[in-house]
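*Asks:* just a sequence and a predicted model for now, questions to come.
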There are 4 protein chains.
Amino acid sequence: MGSNSIGKEFVVTCFGESHGRCVGVVIDGCPAGLPLNEEDIQKELDKRLPKKEEIVSARREEDAVEILSGIYEGFTTGAPICVLVWNKEVISDDYDAIRHTPRPGHADYPARIKYLGFNDHRGGGRFSGRITVAFVMAGAIAKKLLELAGIEVLAYATEIGGVKMRSTQSLEDIREKTYGSSVRCPDPKVAVEMEETILKAKKMGDSVGGVVECVASNVLAGVGEPIFDSLDAELAKMLFDIPAVKGVEFGVGFEAARLKGSENNDSYVIRDGEIEAVTNNAGGVLGGLSSGMPIVVRVAVKPTPSISKEQKTVDMLNMADTTIHVKGRHDSCIVPKAVPVVEASVAMVLVDQLLRAGLIPKVLGVEAVGEYSDVTEED
Amino acid sequence: MGSNSIGKEFVVTCFGESHGRCVGVVIDGCPAGLPLNEEDIQKELDKRLPKKEEIVSARREEDAVEILSGIYEGFTTGAPICVLVWNKEVISDDYDAIRHTPRPGHADYPARIKYLGFNDHRGGGRFSGRITVAFVMAGAIAKKLLELAGIEVLAYATEIGGVKMRSTQSLEDIREKTYGSSVRCPDPKVAVEMEETILKAKKMGDSVGGVVECVASNVLAGVGEPIFDSLDAELAKMLFDIPAVKGVEFGVGFEAARLKGSENNDSYVIRDGEIEAVTNNAGGVLGGLSSGMPIVVRVAVKPTPSISKEQKTVDMLNMADTTIHVKGRHDSCIVPKAVPVVEASVAMVLVDQLLRAGLIPKVLGVEAVGEYSDVTEED
Amino acid sequence: MGSNSIGKEFVVTCFGESHGRCVGVVIDGCPAGLPLNEEDIQKELDKRLPKKEEIVSARREEDAVEILSGIYEGFTTGAPICVLVWNKEVISDDYDAIRHTPRPGHADYPARIKYLGFNDHRGGGRFSGRITVAFVMAGAIAKKLLELAGIEVLAYATEIGGVKMRSTQSLEDIREKTYGSSVRCPDPKVAVEMEETILKAKKMGDSVGGVVECVASNVLAGVGEPIFDSLDAELAKMLFDIPAVKGVEFGVGFEAARLKGSENNDSYVIRDGEIEAVTNNAGGVLGGLSSGMPIVVRVAVKPTPSISKEQKTVDMLNMADTTIHVKGRHDSCIVPKAVPVVEASVAMVLVDQLLRAGLIPKVLGVEAVGEYSDVTEED
Amino acid sequence: MGSNSIGKEFVVTCFGESHGRCVGVVIDGCPAGLPLNEEDIQKELDKRLPKKEEIVSARREEDAVEILSGIYEGFTTGAPICVLVWNKEVISDDYDAIRHTPRPGHADYPARIKYLGFNDHRGGGRFSGRITVAFVMAGAIAKKLLELAGIEVLAYATEIGGVKMRSTQSLEDIREKTYGSSVRCPDPKVAVEMEETILKAKKMGDSVGGVVECVASNVLAGVGEPIFDSLDAELAKMLFDIPAVKGVEFGVGFEAARLKGSENNDSYVIRDGEIEAVTNNAGGVLGGLSSGMPIVVRVAVKPTPSISKEQKTVDMLNMADTTIHVKGRHDSCIVPKAVPVVEASVAMVLVDQLLRAGLIPKVLGVEAVGEYSDVTEED
């Protein structure tokens, strides 16, 4: 399997560059019989667009999803689904200066070494945050499959530029309020503070990072494939594939290192005839398997490396010290854009694991194998 | 690829259970021509044995490595290498009680749901920390390959039960002192405090966790396979496959979320004719590629879930609340044992990535393809 | 890895349907630095077009290749390459009748069972010979890489409708004459007979099959990955993925079953200081590894299942016997079109195996890793 | 995935050498809950032993199967199953002569080139027919799973040294008589002729090959994963991985190249309310999917390359022509031994495909997920 593919049954292969013709994705292994159209995907992709553009981004993206294969009469066919968005706005001049002058915090330098200069450096090329469009498109399909399994995946910003959410929000509030906030924080008061923090950084030609939390609820116990494709490992791999992620933790995460076993263990009780854990310090994962409690994962997103402030760097052609002002329009904080990407990433992994566990059928919407009634016309 | 395999060129397949006949591993893709014997592997495996047993463990493991295949006349042959240790001490009676009574913090409950009770529950079976023996055996081979590439991987405990290392140690100190310490901490004073913390928890029938840091030095820039097999993602996946790991972060990690871009970005300078970063907040990974700086990764290890204290749990046969005292001999802190496992895990991923990048040849020790001199006799 | 992907280092992922929007392919793992443009691919794709259309095909395909990603300034970048052709001519009415009435010899019946009717049945959908366009596009890139390694892959029809080539042709003749012949047979006299046979079958509303042979020359000894990814196994897998292939054999193939060991074994001699085999009954593969002799593989192509003659079949909606006249314009013999597909298939497998063996570098065209000269401008 | 692994859900990883310590296999992905013991595997392995040893083999193999992992209380647990046989009889002296003198027809020469002499050459090492022990052990488990699905896989010799079966045998005869025959041919008269042919070749210090046919009955329609993991492609890959196989064909196979479409197509009819094909020229595979008809595949097995007759070869150390008499005890015909290997190979592929299609559950023997009754004790 190539390095631009991920998943074992819900297999996502990604292509495209920041300033190339398009960003696209091929999803192989989506069960046949899922109702799917471009609007289903567009809706998720639009979550990457900021509500108040002045806050987080200076770049306007109008990406219209096109499905190239795998759908017939409104349903998935079992064949690979290719989806892409064309890159409309390509101003590459901004990037000519950086060809031999790596931007600190970006992949420019190692990419140049790895590919000996053959890589498309414009806008970071293959290493641009732009490629997360592919994550979201594939994730949109994954989310539709999870809906059928009754699983909901919700991500939101819990911390931006040092401003943290001060209380836990209900799933309902998260569901309702996250995307109404320009910073994707479900707590309106905290959201305002986060906005201010971003604007302040922007004014100074600087940037801020933050933390995105994601909750997947209604995942039954026992999902995950030991020992190397454990649920937390697969989630972490996908999440670290998102550019700018520097840390991933489950449940109490790093804090677990400071707890006693008696404090950290989640005891079991019977409630209404069902086994439940009293607490969820484990974040819904035990021994690499889902525990039946909500999966709770947090990712640390670093501050946008592209800043207007002058930075020290080197001229690789002349092997000399120099400085750089990164030009172009950049987000002062990519955390809001990362929120739907985290959501999509978690969804993709969960679908892959559910398919592997045999918990999603290979063909949907029809009861029995072997029936010859005209299923597509009846739906 | 099965879920008990990992890696794309250095492919590690693991088998065995805690109380079964053995724990073993098959390594497929190790270049031919590597000098390798059982002592090379034994030496790494012995790092899991505590120096002062009373401190961290009450269980004595004497694992003698056996190589079953893939070696001929002291060299790897290019064929898969099977290595195993036989399980000598199997007292399964301790575990009969837990068959239907899941231990909090363990995989007992989700494993039972996943496998409908067919899983070997003794000692956690396939979910036991015992399986990390396989990680270390495969890692021993990976470390020998890394040596050839001049890469050193060193792990050590930086925090146990809330006691943290207060200063950065030199690589030399880490190399010399880590395994001389029963808690695998290279700072002798801190190590003593950590020991005391563990003993205190032990007395109370409780346990503690901690943090393991790992540094890989001398990894050249550009290693990693974008976008889904990025270096940090692959490392995180392997590290989360270690039982009890709840968080993984690179460089400043979660702290990056609180820094400004201008603080977090690592600027470049020319030093002695080479490009270097002034700081290493990125932990040696940029855009999923190695940056040329040391790779620095930290993992959070939760407190041992097996504690003697009474815990609430449920009787799954009768679906009733009950309590459990986990019997048997257990480590009060698994952080020291996790140290060589983290080291092995990082080594395996690095070798796999180097092989994928074509930076380790497929056959070692002989200069040119096509020469027919009797290479094995000359060595 | 999804079932629409193949290869481990040169990974080809295919999408699209006969009557959908396009047929496309993503190639992941092509080394950076290969000069590549659309014409390189178009040229190979045009080999599927018959010289004399009346002979083999009634369907006109004008496929203009578009590269969507992975190329920058005329060179591959190391990022995945997406290439596609848009489907221009889509007359799906012809296929309405077959929705519930499977055409004998086609995948209609098993596909309907597998996907419960959700599959795109138009023109065979995902099971159409049209998808071999993807093979040829990926193969074009593979052939460019093989050229660098000095390897040539040549396929040609040796038998059509019972008419066989009566003598071995030189590589030069094969290279020069194959694609000058409408039936892709390098022997002009035999080619004429083959044409007549096809026309005769066509007049009778029937079809014929044949045999395609492929020779890969200049493959050095030792290529192939034992034991499950042996060279012959990988070639056979790819070749059986071509629709209509019913048999694959190497060297003397099935005839080996009738030879004595002393007749079948290829003895070695020293010729001009090199080891050579006296004969090539093995077809260039021994124990799954290339032997250094030319790789010779033959595939049996069945007669086109689409024929105008009336055939017995069933109405799956009413579960009743019925008959079918397959409408639409179909090739009376697909052997000529299969020739470039076989060539592409063999090329893809060889490149994948050479990359796996480390015999093609990961970045081309530049001598040393670590040089910072502006490589792309110098080329 | 390593080259010594095969399958995507029923993943078989093989290790060991002809004259090393053992030949073993790890099966990852076998559903939990399958009753399995060593006798189940031993029984299949014993099929490799000739009934009349003097006929086909001069080497006595007494392989006692050991299961090292993955079984608990008589059932598979869902964990990887490691099975091996120890190599008891290791006379390596016979092979010292061949170290630099490649045996014609063997992998000696290309293996030496590939591994630069590091490969274990004794008895062919990793390239020995001995490794098919691993195929049969894994296949034994696959066959137990197929039984549950009502699928039977039967292989038998149809041709040896030019002597062919003259009539089709019933499945019942094949089932009853194949392994009663020393040559694994279900037709007793033909079997006698085959024996004589083998003995005649043996006397002359020569060897013969043959053809093995395999029928898998009761495979429902629609099994296979298009387009690259099609059923025939996956079967061919596995079968070409068996040493000495030089050709694979389905149904009428190469003969299809000589038939008209109207002759080759298998028409459909309704029989007893079920759709059936009138003929099975396709050998049960259409468009890479099972057609519902029996799968019929034939493999060409070359004559044993090890013959006592003098053969020309080269001395690779001195780069000089020389001759070789292959010593040691060798089968004069490996077709009888290949029969259970072909059977095992087909079984492994079918199980993998059935698992991928969701047609075999991930846990067997218990009706519903989520029930907490003590399943293993009740069985």
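*Replies:* Alright, I've got the coordinates.

*Asks:* pretty sure residue A:10 is touching residue A:26, no?
*Replies:* No. Residue A:10 is beyond contact range of residue A:26, at 11.6 Å (criterion: CB atoms under 8 Å). (Each C-beta comes from the backbone N, C-alpha and C, glycine too.)

*Asks:* neighbour count for the two, which is higher?
*Replies:* The neighbour count for residue A:10 versus residue A:26, taken as other CB atoms under 10 Å in any protein chain shown, is higher for residue A:26 (33 against 27).

*Asks:* let me see the contact set for that one.
*Replies:* A:12, A:13, A:15, A:80, A:81, A:82, C:4, C:13, C:15, C:26 (CB atoms under 8 Å, 6 or more residues apart in numbering or on different chains).

*Asks:* gap between it and chain D?
*Replies:* Using CB to the nearest CB, to the nearest Å, residue A:26 is found at 13 Å from chain D.

*Asks:* check the gap between residue A:133 and chain C for me.
*Replies:* Look at residue A:133 and chain C: by CB to the nearest CB, they are 13 Å apart.

*Asks:* so that residue is in which element?
*Replies:* Using DSSP states H and E, residue A:133 maps to helix A:132-148.

*Asks:* export the helix or strand following that helix as PDB, just CAs?
*Replies:* Sequence-wise, the next helix or strand downstream of helix A:132-148 (DSSP H and E) is strand A:152-160. Taking C-alpha atoms only, strand A:152-160 is exported to PDB below (Å, rounded to 0.1, in the frame of the first residue of the first chain):
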ATOM      1  CA  GLU A 152     -21.800  10.400  16.200                       C
ATOM      2  CA  VAL A 153     -18.400  12.100  16.000                       C
ATOM      3  CA  LEU A 154     -18.100  15.600  17.200                       C
ATOM      4  CA  ALA A 155     -14.900  17.700  17.400                       C
ATOM      5  CA  TYR A 156     -14.500  21.200  18.800                       C
ATOM      6  CA  ALA A 157     -11.800  23.600  19.900                       C
ATOM      7  CA  THR A 158     -11.200  23.400  23.700                       C
ATOM      8  CA  GLU A 159      -8.200  25.700  23.700                       C
ATOM      9  CA  ILE A 160      -6.800  28.400  21.400                       C
END
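
*Asks:* contact partners of the helix or strand that strand A:152-160 is followed by?
*Replies:* Next along the chain after strand A:152-160, taking DSSP H and E as the criterion, comes strand A:163-164. If you take CB under 8 Å, 6+ apart as the criterion, strand A:163-164 is touched by A:158, A:190, A:193, A:194, A:197, A:211.

*Asks:* narrow these to those in helices?
*Replies:* In this view, the contacts of strand A:163-164 that belong to helices under DSSP state H are A:190, A:193, A:194, A:197.

*Asks:* most neighbours among these, please name it.
*Replies:* residue A:194 (32 neighbours).

*Asks:* what's near enough to touch that residue?
*Replies:* A:157, A:160, A:161, A:163, A:183, A:185, A:210.

*Asks:* if you set the cut-off to 10 Å instead, what comes out?
*Replies:* A:55-56, A:157-165, A:181-185, A:187, A:208, A:210, A:333, A:335-336 (CB atoms under 10 Å, 6 or more residues apart in numbering or on different chains).

*Asks:* which of the residues you listed are buried?
*Replies:* Neighbour counting over these (16 or more other CB atoms under 10 Å in any protein chain shown) leaves A:55-56, A:157-161, A:163-165, A:181-185, A:187, A:208, A:210, A:333, A:335-336 as the buried ones.

*Asks:* next, the residue positioned nearest the centre of chain A: phi, psi?
*Replies:* Nearest to the mean C-alpha position of chain A, counting by CA atoms, centre = their mean, stands residue A:341 at 2.3 Å. Backbone geometry at residue A:341, expressed as degrees, to the nearest 10, gives phi -70, psi -40.

*Asks:* which parts of the stretch 1-150 of chain A sit against chain B?
*Replies:* Counting by CB under 10 Å from any CB of the partner chain, the stretch 1-150 of chain A comes close to chain B at A:1-8, A:12-15, A:101-116, A:119, A:124-129, A:131-132, A:134-135.

*Asks:* got the residues of the stretch 51-200 of chain A near chain D?
*Replies:* So the stretch 51-200 of chain A meets chain D at A:78, A:79, A:80 (CB under 10 Å from any CB).

*Asks:* got the residue ranges for the helices in the stretch 201-350 of chain A?
*Replies:* Secondary structure of the stretch 201-350 of chain A (DSSP state H, counting those that start in this stretch): helices at A:231-240, A:261-264, A:335-356.

*Asks:* over to the stretch 1-150 of chain A?
*Replies:* Along the stretch 1-150 of chain A, counting by DSSP H, counting those that start in this stretch, helices occupy A:38-45, A:53-56, A:108-115, A:132-148.
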